[in-house]
Each structure stands twice: as C-alpha cells, then as structure tokens.
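> Prediction below, plus the sequence it came from.
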Amino acid sequence: MSILVFVEQRDGRLRTVSREALGEAARLSASLGGPVVAVCPAAADPGLAALGEAGADRAILARHQAFGSYHAAGYARAVAAAAQTLGPKLVLFANSAMGRDLAPRVAARLDAGLASDCTALAVEGGRLIATRPVYAGKAIQKVAFKGPVALASLRPKAFAAVARPGVSAAVETLAVAEDPQFARSRLVSVAASAAGKLDLTESEVIVSGGRGLKGPENFKLLEDLAQVLGATVGASRAVVDAGWRPHSDQVGQTGKTVSPKLYVAVGISGAIQHLAGMSSSRCIVAINKDPDAPIFKVADYGVVGDLFEIVPALTDAVRKLNAQHV
Amino acid sequence: MLQVVCIKQVADTETRVKVAADGKTLDPAGVTWVLNPYDEFAIEEALRIRERQGSGEVVAISLGGPGVQTTLRSALALGADRGIHLRSEALAPDPIAVARALAAEIGGLHADLVWFGKQSVDDDQAQVGPMVAELLELPCATAIAKLALDGTRATIEREIEGGREVVELTLPAVLTADKGLNEPRYASLKGIMTAKKKPIDEKPAALGEPRLELVGLELPAPRKAGRVIGQGVEALPELLRLLREEARAL
C-alpha cells in the first residue's frame, strides 16, 4: 500500500508545505508500509527526480499543456486519476490555498473522506487517526477514515520535512486525458501583493494590531517593528471590519488560525474569537494599556502601557540587537 | 437566473467550547446558533445579483435537524425567495455525505450559480462547496473576494499566499465566498415579517455512506497563565532578555 502526495510548485520550485507533506508521508510509510509516491501536475517535468531528497520514492508527472499554472478542474482530474491508477491507502495535500481548493475536489472524485488542516496523523490500533483543530482552535477533533482510501491536508509548519541527500525519485509520466471541463474555467493571472510578504499562516513571526492603534495610518508603527523582526503584520477582526486592514490580514475565527514562533499582539484586547486563532503560538507578547485585557491571560510576556511609546522603542531596541549580531 | 445558496447553522463565534458527554461533539448547552458568518457573504452576493438583474430567484438550502429552519428563516428574512430543508438526524455528517445530499437536490434545480461560504466556522473543513461542484461536474472557484458577471462569464479574484488569483469561469458554476466579497445587509423588519410566509420545502437528506468517523473532541492543553513583566518602555530590556534567553524567540 502506497502513500500518494500532491506536490505543489510555483515557478518550478517545490513549496515548503509540500516538503512537509512528503516528510510526513515518509514517516507514516514506516507504519503503513509501501512507497511514497509524489504526484505533480505540470506542463513539463520541473525536475521531479529531486523529490527523492524530500522523501519521495517515486514521482508521477501528470502532464498536460494547460498545467503551466494551477488549473483546479484539471489538477483534480489528474490527481484523482493518479490515485485510481496507484490505489494508495492515503493521499496527502498541504493545506495551502491550492491544497484547500484541490483536496475536496479530489475527495469528491474518489468518493473518499478528507480531513482538512490536520496537525497530526497517527496509526492507532491499525487505524489511521487524524487530529485537527476545529472552532479555529478552540477544540481539537480526532477523526478516523472509512472506505478504501483516506485523504488528509496538512497544516503548514505542523509537520517536519526530511532530507535524504543524493536520493533520487523514479519519475513516470501520466498522460492526462482532455476533458470538456478544462475549457470552462481558467486562471487568468496572479497578482503579487507587497513584495516578499509571507502569508500569515506561513510566518514564523507575526505582529498584530487591534483597535488600540486608533487608526489605519498608525499600522506604520507595526510595519516598522515587523520589518526588524522579520515578521508579517496581522490584525484583529475589529480593525478589519473597520476597513483599516484587508481581510487577508485577519487573525481569528473568521480569519486565519496561526501558530508562529512569536506572536506580538499590540493594542488587541483579546476577544475569544481572536484568542482562538492565535493561542497555539509558541510565544505570545502582548502590549496593551488596559491591565485587565483578556490578552494578558494568554501572553507569556505582557507589557502594560502606551503602545505609541512602547512599539517605536521596541523597534529601536530590536534594530540595535540585530546590528550587534551582524 | 436561478441562484442556490447553501447555508449552515453554526455555534456563534463567541461560544466557549465545552465537550458533550459523548466525548465527540460540542455540548449544545447555552450555545447561540447563528447563520455561518461566511454564508452571509454568499447570500448577500446572490441577492445583489438578483437585484441588479431585476429578476430571478434565490433559493436557500440547509441540511440538519429541525433547528436549521431558524437559520433558513433568517436567510429568507434577508431576501431569499424560498427555502429547502434537507432533514438529517445524523449528529455531524461528514463533508462528502453532506455534499452528496446537496448535489442530489441541487442537480435537479438547474441553477446558474450555486453559492457557499468558504468554510463553516465550526468544523473548518472548507470541503462541501468544491465537492458539490465536482459531483455536479460544474466549474468552481473557492474563497472568492471579488466577482464580476458578464452574461454567462464570471471573473473572480481569490486570495492565495502572497497574492491574488484572477480566474474566469463559465456559468453554471459553484462559488464559495470569502469575507471581503461585500458588506452583508441586516434583515429589515419587513423582511422578517414576510419571511414567515415564504415556503420552506422539507425533505430527507440523501447522505449515503459516511467516510469519516468522529473519534473524539477535546480542548487544547491550556496555556500556562499569562504574566505581565512590567509597565511601559522600562519593561523592554527585560522583555528582550526573556525573548532571547527564556523563549529563544529572537
């Protein structure tokens, strides 16, 4: 029994989230048995043999001229076809924007169960059990699978990649059949947001701001701090609803669930739906003028005071610290 | 143009989650049930399209126990024309089962647009919309933040890591709505009154065989109690020391 892993590339480069999925597949293959097989829809081989170094024993190039960029209907058919050919016990995806879009389509085509956004997979008593946060992290659900094949998408940064230097994957090609659906949707373009801006879910450090910032123009203070920390700027629901920041910045139950190494909450009181989205961060720093703000109940390090004094001083201090380490 | 909006009743985002006696599901005691927040954006967009076109029908569908009729009524109060309640006694049917039941119903309606919220804020699976699309062999775009309609052509924008994708689809199609697509309206008093007279068709949900089995629900390990390390800028040297030496986060 094999494990099939959907491998995501952008501009010919394997994405980190797919390395994590391959790493988890390599670990699970010890208990489930069978090879780890990567499947990559593409217009031409982007160098899939190198996936061996990330944990793949074999790689399937699902080739079609429309697969130069993400094609939802096409990728879904290609990955489902690879699964039907291979008959794996488990198919893994990264819970990235692409994985979130693709995995349910493949599950529907295979009439299979899918556990989204898993933080752990384990074989218990011969059964595969997926662990996944629900209610944006307020609770943790465990699910088992029924039917011949199980699908799971993995939360970014929750699984470790493996390195097998010099190992090469055997590459085979799967010809993808033309389908009338291919013409009914197409990716027209991808517009990059601010250069180098990481998605919140993939960031190691996040600096988030709330209503305490008093206005959208004051987020400049957080951007400065984020720059010296190598962080991405996030926001509370209150400031997104007020139109100060785009929805893509929102952390919490109607935004993103994040678990960075360091989360700095500035002027955020800590509504329950915000805490749900960030409480699994490794280290939480809170800066708020209200000593009774709920955010201080989850903050490893709380600083009470005026953020308009504290944040610029913190930015300066970190900048000096960085200079010492150069 | 016929539009179908699939909606779900969920626990309000202010809910403090407690585990029920079965050890697998949410304890419903004291929970306020609301329309899934992302579904509000789907309903709003469907209503705006109908209003712009000056004709057409918006049908709200929900699957679940008797309680979901309240949620269907709130969609009718916002302006949906009629409701369909797919009755299910199953405690928490899995996404593929829900998708099968919805696809069986929607397939017979011949809708031009089928709407969903991008995910429900309880299970956070984000699966049912794109599953229904595949089961009905319809083009689909998920988590859309912008929509332009021109006849049977839809151009959408959706957020991806570090950017936005622009996708073109041919109707009929399935779309799932992200926050930011629009600013949802509130129900008017008149809307609430007329909603009481709008029809809700009730029928059993054809769920089929489950593919996921709930094993357990637990609360995350509590964080250790928070600690305030000081006041104002004077606390910063200690903060930096702790971040470097204790948390090793810098």
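Everything's here; your move. Residues are numbered from 1 along each chain as shown, chains lettered A, B, ... in the order given.
> quick one: secondary structure of the nearest residue to residue B:115 once chain neighbours are set aside?
Nearest non-adjacent residue to residue B:115, counting by Cβ to Cβ, 6 or more residues apart in numbering or on different chains: residue B:42, 3.9 Å away. To be clear about C-beta, it is placed using only N, CA and C from the backbone, and glycine gets the same treatment. Following DSSP: H, G, I helix; E, B strand; the rest coil, residue B:42 is assigned to helix.
> For chain B, just list every one of the strands.
B:2-7, B:9-11, B:33-35, B:57-64, B:82-87, B:113-117, B:140-150, B:153-160, B:163-170, B:173-177, B:200-204, B:212-218, B:228-231 (DSSP state E).
> Do any residues in the last one lie close to chain A?
In this case it means strand B:228-231. Yes: applying Cβ under 8 Å from any Cβ of the partner chain, one finds strand B:228-231 touching chain A at B:228, B:229, B:230, B:231.
> which residues sit in contact with the second one?
By Cβ atoms under 8 Å, 6 or more residues apart in numbering or on different chains, residue B:229 lies in contact with A:301, A:302, A:303, B:235, B:238, B:239, B:242.
> Could you rerun that using 6 Å?
A:301, B:235, B:238 (Cβ atoms under 6 Å, 6 or more residues apart in numbering or on different chains).
> do the last one as well
When contacts are counted by Cβ under 6 Å, 6+ apart, residue B:231 touches A:304, A:305.
> Look up which residues are beta-bridged to it.
Here residue B:231 sits in beta bridges with residue A:304, going by DSSP bridges.
> could the strands of chain B be laid out in CSV, adding mean pLDDT?
Below are the strands of chain B laid out as CSV (pLDDT from 0 to 100):
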stretch, mean pLDDT
strand B:2-7, 98
strand B:9-11, 96
strand B:33-35, 96
strand B:57-64, 98
strand B:82-87, 98
strand B:113-117, 98
strand B:140-150, 97
strand B:153-160, 96
strand B:163-170, 94
strand B:173-177, 98
strand B:200-204, 97
strand B:212-218, 96
strand B:228-231, 97
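> Which one of these lies nearest to residue A:19?
Minimum separation from residue A:19 across the strands of chain B (Cβ to Cβ) falls at strand B:153-160, 18.4 Å.
> is that closest one anywhere near chain A?
Yes: counting by Cβ under 6 Å from any Cβ of the partner chain, contacts between strand B:153-160 and chain A involve B:159, B:160.
> Put the buried members of the contacts of residue B:229 into a PyMOL selection.
To isolate the buried ones among these in PyMOL, judged by 16 or more other Cβ atoms under 10 Å in any protein chain shown, type:
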select buried, (chain A and resi 301) or (chain B and resi 235)
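> Nearest to residue B:145 among the contacts of residue B:229?
residue A:301 (35.1 Å).
> list the contacts for that closest one?
Residue A:301 sits next to A:285, B:229, B:239, B:242 when contact means Cβ under 6 Å, 6+ apart.
> now swap in residue B:230 and tell me
Contacts of residue B:230 (Cβ under 6 Å, 6+ apart): residue B:238.
> now residue A:68
residue A:43.
> Is it correct that the residue nearest to residue B:115 is in contact with residue B:117?
Yes: with contact defined as Cβ atoms under 6 Å, residue B:42 counts as touching residue B:117 (5.4 Å).
> what sits in contact with each of those two?
residue B:177.
> Low-confidence bits of chain A, can you list those?
Filtered on pLDDT under 70, chain A yields the residue ranges A:194-196, A:326.
> Looking at the contacts of residue A:301, state which has the most neighbours.
residue A:285 (24 neighbours; other Cβ atoms under 10 Å in any protein chain shown).
> and residue B:158, how many neighbours does it have?
For residue B:158, using other Cβ under 10 Å, the count is 21.
> So it versus residue B:177, what's the distance?
Using Cβ to Cβ, to the nearest Å, residue B:158 is found at 10 Å from residue B:177.
> ok, now residue A:298?
Distance from residue A:298 to residue B:177, by Cβ to Cβ: 31 Å.
> got it, and residue A:193?
20 Å.
> Show me which of these two is the more surrounded one.
residue B:177 (28 against 15).
> Enumerate the residues of the stretch 201-326 of chain A near chain B.
Residues of the stretch 201-326 of chain A lying near chain B (Cβ under 6 Å from any Cβ): A:247-248, A:253-254, A:261-262, A:272-273, A:283, A:296-299, A:301-305, A:309-310, A:313-314, A:317.
> Inside strands: which ones of those?
Reading strands off these with DSSP E, I get A:262, A:283, A:301, A:302, A:303, A:304.
> Turn the contacts of residue A:301 into CSV, columns for distance to residue B:38.
Putting these into CSV (distance: Cβ to Cβ, whole Å) gives the following:
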residue, distance to residue B:38
A:285, 30
B:229, 38
B:239, 37
B:242, 38
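> so which strand or helix has residue A:141?
Here residue A:141, judged by DSSP states H and E, is contained in strand A:139-145.
> Show residues contacting that strand.
By Cβ under 6 Å, 6+ apart, strand A:139-145 touches A:113, A:115, A:127-134, B:17, B:212-220.
> Show me what that strand pairs with in its sheet, parallel or antiparallel.
Strand pairing for strand A:139-145, determined by DSSP bridges: strand A:127-134 (antiparallel), strand B:212-218 (antiparallel).
> what's the most buried one of these?
strand A:127-134 (a mean of 20; mean count of other Cβ atoms under 10 Å in any protein chain shown).
> just how off-centre is that strand within its chain?
Relative to its parent chain, strand A:127-134 has a centroid offset of 17 Å by Cα atoms, centre = their mean, to the nearest Å.
> which residues touch that strand?
With Cβ under 6 Å, 6+ apart as the contact definition, strand A:127-134 has outside contacts at A:115, A:117-122, A:140-145, A:150, A:152, B:123-124.
> State the pair within the residues of strand B:228-231 next to chain A that is farthest apart.
Most distant of these, by Cβ to Cβ, are B:229 and B:231, 9.2 Å apart.
> In chain B, what residue comes closest to chain A?
residue B:211 (3.1 Å; Cβ to the nearest Cβ).
> Neighbours of that residue, how many?
23.
> circling back to that earlier point, return the members of the residues of the stretch 201-326 of chain A next to chain B classed as buried.
A:247-248, A:253-254, A:261-262, A:272-273, A:283, A:296-299, A:301-305, A:310, A:314, A:317.
> Tell me who's in contact with residue A:311.
Residues near residue A:311 by Cβ under 6 Å, 6+ apart: A:221, A:225.
> for residue A:7, same thing?
Applying Cβ under 6 Å, 6+ apart to residue A:7 gives the contacts A:18, A:38, A:40.
> Report the secondary structure element holding the last one.
With elements taken from DSSP H and E, the one containing residue A:40 is strand A:36-42.
> partners of that strand in the sheet?
For strand A:36-42, pairing defined by DSSP bridges yields strand A:3-6 (parallel), strand A:58-63 (parallel).
> From the chain's centroid, how far away is the shortest one?
Translated: strand A:3-6. The answer for strand A:3-6 is 17 Å, by Cα atoms, centre = their mean.
> Same check on stretch A:137-151?
From the chain centre to the centre of stretch A:137-151 is a distance of 18 Å (Cα atoms, centre = their mean).
> Kindly report the same for stretch B:223-232.
36 Å.
> rewinding a little: measure how buried the residue nearest to residue B:115 is and give me the count.
Neighbours of residue B:42 using other Cβ under 10 Å come to 32.
> Against residue B:129, how distant is it?
Per Cβ to Cβ, residue B:42 is found 9 Å from residue B:129.
> who touches both of those two?
Common neighbours of residue B:42 and residue B:129, using Cβ under 6 Å, 6+ apart, are residue B:116.
> Tell me how many other residues crowd residue B:129.
30.
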